[in-house]
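Engineer: Predicted model, plus sequence, below.
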Amino acid sequence: MDAPHPLDGHPRTRGQFLQPLRGTLSIAEEIGFKHHALIVTDEWGERTRQAYPYLGDLLLYLENDQGLPYAINWTVKDTLQAFNERRARMPKTLVQRQKDREHARLRGCLERLYYASAGIRTIEVAKDQIPAAVEANLDLLFNIHGLPVSLDPILLEDFCAAVQDAVRAGDPLNFLAIRFGRRWGSTSHFIAKIYQEIWQRRVIVDFNKPILIDHPLNTDGPDLLVQFSSLFEGFQG
């Protein structure tokens, strides 16, 4: 059974025809994949066989250069190899390995065709694709980006302007946070604001090198969203 496009009803898609998502049962039959099923007991005790509800990992809702929304499906694993074989780390016979590889191939095909039926691209994302420094920097910023900063808005504007000046001058930012903290208190809030400025892309840094605010920030490397732009590209046309 078809399902509405995930963006159906979005204010910016009003008046557009969005292709629905095809049912996984029909796709599985087409590609020769054994669709899993569940036995469900209803409130009257009747047991019925129903299709297993396959779930994706991350469905991203993005906006293109024209301001139009689009969706991308990320399927996520720890290694790229894991996309090619189910239970890849388990010891198994050659026959079982071949079965698990075929299962992984068809399972991936089912997911790609399911989302492609609605014009949604599926992208494989693996942890071992991400450089260790990038991962560490993102972990650091993610843990801080949502912290409340209880400082006067005008004071924060002055501080953020000073941050920009310090970055351009190649000065470490920790001294700036300490100086503001000594005068206004809440040094930790000023430090958090530095990391939040980086997270919100008001300060662009090279994520391939450690983000250390007691050193000059590395600003000459690639923009992270440019470096990984292929992970956010939808179908062309």
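Structural biologist: Arrived safely. Numbering: from 1, shown residues only.
Engineer: From the chain's centroid, how far away is the longest strand along the chain?
Structural biologist: In the chain, ranked by residue count with DSSP state E as the criterion, the top strand is strand 69-77. Relative to the centre of its chain, strand 69-77 is centred 8 Å away, using Cα atoms, centre = their mean, to the nearest Å.
Engineer: next one: stretch 97-117
Structural biologist: Distance of stretch 97-117 from its chain centroid, counting by Cα atoms, centre = their mean, is 21 Å.
Engineer: can you list contacts of that stretch?
Structural biologist: Residues from elsewhere that reach stretch 97-117, judged by Cβ atoms under 8 Å, 6 or more residues apart in numbering: 19-22, 24, 27-28, 30-33, 54, 56, 73, 75, 83-88, 92, 121-122, 124, 235. For glycine as for every other residue, the C-beta is placed from the backbone atoms N, C-alpha and C.
Engineer: Which of these fall within helices?
Structural biologist: If you go by DSSP state H, the contacts of stretch 97-117 have 24, 27-28, 30-31 in helices.
Engineer: Buried ones among those?
Structural biologist: 24, 27-28 (16 or more other Cβ atoms under 10 Å).
Engineer: closest to Tyr61 among those residues?
Structural biologist: Closest approach to Tyr61 among those (Cβ to Cβ): Thr24, at 21.3 Å.
Engineer: could you list every residue that touches Cys160?
Structural biologist: The contact partners of Cys160, taken as Cβ under 8 Å, 6+ apart, are 193, 197, 202.
Engineer: I'd like these as CSV, with secondary structure and distance to Pro69 appended.
Structural biologist: Formatted as CSV, the contacts of Cys160 follow (DSSP: H, G, I helix; E, B strand; the rest coil; distance: Cβ to Cβ, whole Å):
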residue, secondary structure, distance to Pro69
Lys193, helix, 30
Glu197, helix, 27
Arg202, coil, 24
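Engineer: Domain ranges for this structure, per the record?
Structural biologist: Domains of the chain are assigned by automatic domain parsing as 11-128, 130-229.
Engineer: Could you dump the ones you listed into JSON lines with distance to Ala3 added?
Structural biologist: JSON lines is the format used below for these (distance: least, Cβ to Cβ, whole Å):
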{"stretch": "domain 11-128", "distance to Ala3": "4"}
{"stretch": "domain 130-229", "distance to Ala3": "29"}
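Engineer: need those in TSV with mean pLDDT, can you?
Structural biologist: Formatted as TSV, the domains of the chain follow (pLDDT from 0 to 100):
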stretch	mean pLDDT
domain 11-128	90
domain 130-229	95
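Engineer: quick one: which of the ones you listed is nearest Pro4?
Structural biologist: Among the domains of the chain, if distance is taken as Cβ to Cβ, the winner is domain 11-128, at 5.8 Å.
Engineer: about what we covered before: out of the contacts of stretch 97-117, which end up buried?
Structural biologist: In the contacts of stretch 97-117, burial by neighbour count holds for 21-22, 24, 27-28, 33, 73, 75, 83, 85-86, 88, 121-122, 124, counting by 16+ other Cβ under 10 Å.
Engineer: Do you have the strands of the protein handy? List them.
Structural biologist: Using DSSP E, the strands of the chain run over 37-41, 47-51, 58-63, 69-77, 121-126.
Engineer: Out of these, flag the one nearest Arg183.
Structural biologist: Of the strands of the chain, nearest to Arg183 by Cβ to Cβ is strand 58-63, at 39.9 Å.
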